[in-house]
Every structure is written in structure tokens, then in C-alpha cells.
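Peer 1: everything below, folded, please.
(one chain, ligands or ions: 1)
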Amino acid sequence: MKAKQIIRSLHSEMQKIIIAIDGFSSTGKSTLAKQLAAKLNYTYVDSGAMYRAITYYFLQQHINLSDTQAIHEALQQIKLHFEDNKICLNGVNIDAEIRDLNVANHVSQVATLEEVRHFAVQQQQQLGIDKGIVMDGRDIGTTVFPNAELKIFLTANQQIRTQRRYDEMKVKNEAVRIEEVEANLAQRDHLDSTREISPLRKAADAVDLDNSHVSMEQQLEIAYEWAKQKIHHT
Ligand code: DC
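Peer 2: Modelled structure (predicted):
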């Protein structure tokens, strides 16, 4: 058996925990969550992708966000699932579509809606029922899994976050100006942390990880050590 397989099978025999990773937009939550889940042989769930998929559907269907009945009916038409960490809406992989600026510009508003949050949180909690999960988002440590064994609050300074997001979009050949990216991030940060229901907050028992000047490999090692300690003490 190869070393990686041995580590994987050791992990699968150990007590499984829930790991919540929260933080502002473009702090690299998904990257860390995905890598940590792979290293622990855990399931990875990108909760933001769920809000983005709902937003994508609402935009496609021209749902008026102040029409609660229309929202209620639209949510009944939505089936979400993940396949190889990619989100599928009613059976169709829409992972690329949900990353565009139009969805990004509307998602924070959609995520303020009570019925939308209820719909998403219920499914997120269901996904974590057997533990062994790393989920990233804004309210995972506070609302979705308040009893998560490990809660990480990821931060990075705004200039660095803007540059990272801009570089990411450039790689995908998206025609976007850095000022637009900066404005979108600032607007989302504001909406996400000031909304009434489940605003972005650091849970009292979360540990801070500022990755402004930390490499991806280093942040993974830090988080992995924290996870191992929690797993051994659970
Ligand atoms: O992580 P992300 O940028 O893909 O998230 C998209 C939006 O979804 C974000 O602006 C706020 C919202 N969101 C949320 O309200 N709660 C979560 N748990 C995850 C995301």
C-alpha cells in the first residue's frame, strides 16, 4: 500500500469530526477546505456554491427577489447535489456558470433571504450528518454546525484578496477590471457581515488563520495539524 493510501485508511478508522471554515470572500476558503478534505479523506462541501446555484436559477427564471411566493415556488424546483466537488443544479453541472460576475453581483442579496437560507442550511446540515466533512462558507461555525469540533476563520488583507480574485478571473479569460473586482468584494463583505440572518461572524471558539503572507502549502499544514489534534482528542 502506498503511503497516501495508508494515511487515508488510518484516517477512515479514526473518529470523524466536522471542520467549519468561514471568512470573507476570496480568502481562499474553498482551496483550503478542498485540500484539507482530500488530506483527511473527508467530504468537501462548498456552501457558497449552493447560494450561487440558487442565484443562478433565480436569474435565469427572472425571479423578483421581493416576491416571497415566487421565491418559495422557485426553491421547490431546485435540486442541488455535488459531483466530484462540482455543484449540479437539477442534474446539470453549473460549476463554471456560477463563478461569473453576474452571479457574484447578486448572490449576497439572494443569501439574505430567509427562505433561501433555511433551504440551504437544512441541506448543509444533512450533508454533515455522518461527520467527516469540511465545509466552507460564512455561517458554518455559527449556524450550520455550531458544534463543529474545529472552526477556522480565514482572513487576508483586502488588496491581496482582490488581486487573487482578479488573477483567478484573468486565467479564465474573463473580461473584468480590477476596480470591478474590488468593488464586488467590498460590497459582498458588507452585505455578508451586516445581513440580519446568520451574518458572517467569527464564532467565539474559532481559530484565526491570516493567510495574507502564508503559502497554500503552509496554511494546509497549519490546518492539518489543528485537525489532527482535534481528531485525537475527540
Ligand atoms: O464563498 P462564495 O464567495 O462562493 O459565496 C458566495 C456568496 O454566498 C457570498 O457572498 C455569501 C453567500 N454565502 C453565505 O451567505 N453563506 C454561506 N455559508 C456561504 C456563502
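
Peer 1: Gln15: neighbouring residues, count only.
Peer 2: Gln15 is flanked by 12 other residues according to other Cβ atoms under 10 Å. (C-beta placed from N, C-alpha, C; glycine too.)

Peer 1: any idea how far the closest residue in space to it that isn't next to it in sequence lies from Val116?
Peer 2: Of all residues beyond its chain neighbours, the one nearest Gln15 is Thr234 (4.6 Å), with distances taken as Cβ to Cβ, 6 or more residues apart in numbering. Note on Thr234: its distance to Val116, by Cβ to Cβ, to the nearest Å, is 32 Å.

Peer 1: for Ile178, same thing?
Peer 2: Summarising the geometry, the distance separating Ile178 from Val116, computed by Cβ to Cβ, is 30 Å.

Peer 1: out of the two, which sits in the busier spot?
Peer 2: Comparing Ile178 with Val116 by neighbour count (other Cβ under 10 Å), the higher total belongs to Val116, at 23 against 14.

Peer 1: which stretches of the chain form helices?
Peer 2: Taking DSSP state H as the criterion, the chain contains helices spanning 3-13, 29-40, 47-60, 68-76, 101-110, 114-127, 158-171, 178-194, 216-232.

Peer 1: with adjacent residues omitted, what lies nearest to Leu89?
Peer 2: Beyond its immediate neighbours in the sequence, the residue positioned closest to Leu89 (Cβ to Cβ, 6+ apart) is Ala53, lying 4.8 Å away.

Peer 1: distance of that neighbour from the ligand?
Peer 2: Ala53 sits 10 Å away from the ligand, going by Cβ to the nearest ligand atom, to the nearest Å.

Peer 1: so what's that residue up against?
Peer 2: Ile78, Leu80, Ile87, Leu89, Ile94, Ile98 (Cβ atoms under 8 Å, 6 or more residues apart in numbering).

Peer 1: so which bits of the chain are right by the ligand?
Peer 2: Selection of the chain residues close to the ligand by Cβ under 6 Å from any ligand atom yields 25, 47-48, 51-52, 107-108, 111, 137-140, 188, 192.

Peer 1: pretty sure Gly48 sits against Met135.
Peer 2: No - distance between Gly48 and Met135: 10.0 Å, which falls outside the contact criterion (Cβ atoms under 8 Å).

Peer 1: more neighbours, these two?
Peer 2: Met135 (27 against 20).

Peer 1: who are the contact partners of that one?
Peer 2: Under the contact definition (Cβ under 8 Å, 6+ apart), the residues listed for Met135 are 18-21, 33, 44-47, 124, 127-128, 144-145.

Peer 1: and Phe58, how many neighbours?
Peer 2: Burial of Phe58, expressed as a neighbour count using other Cβ under 10 Å, amounts to 24.

Peer 1: from the ligand, how far off is it?
Peer 2: 13 Å.

Peer 1: can you list the weak-confidence ranges in this structure?
Peer 2: For the chain, the stretches flagged by pLDDT under 70 are 1, 7-13.

Peer 1: turn the helices of the chain into a markdown table, columns for distance to Leu200.
Peer 2: Shown next, in a markdown table, are these (distance: least, Cβ to Cβ, whole Å):
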| stretch | distance to Leu200 |
| --- | --- |
| helix 3-13 | 30 |
| helix 29-40 | 11 |
| helix 47-60 | 11 |
| helix 68-76 | 22 |
| helix 101-110 | 10 |
| helix 114-127 | 13 |
| helix 158-171 | 14 |
| helix 178-194 | 4 |
| helix 216-232 | 19 |
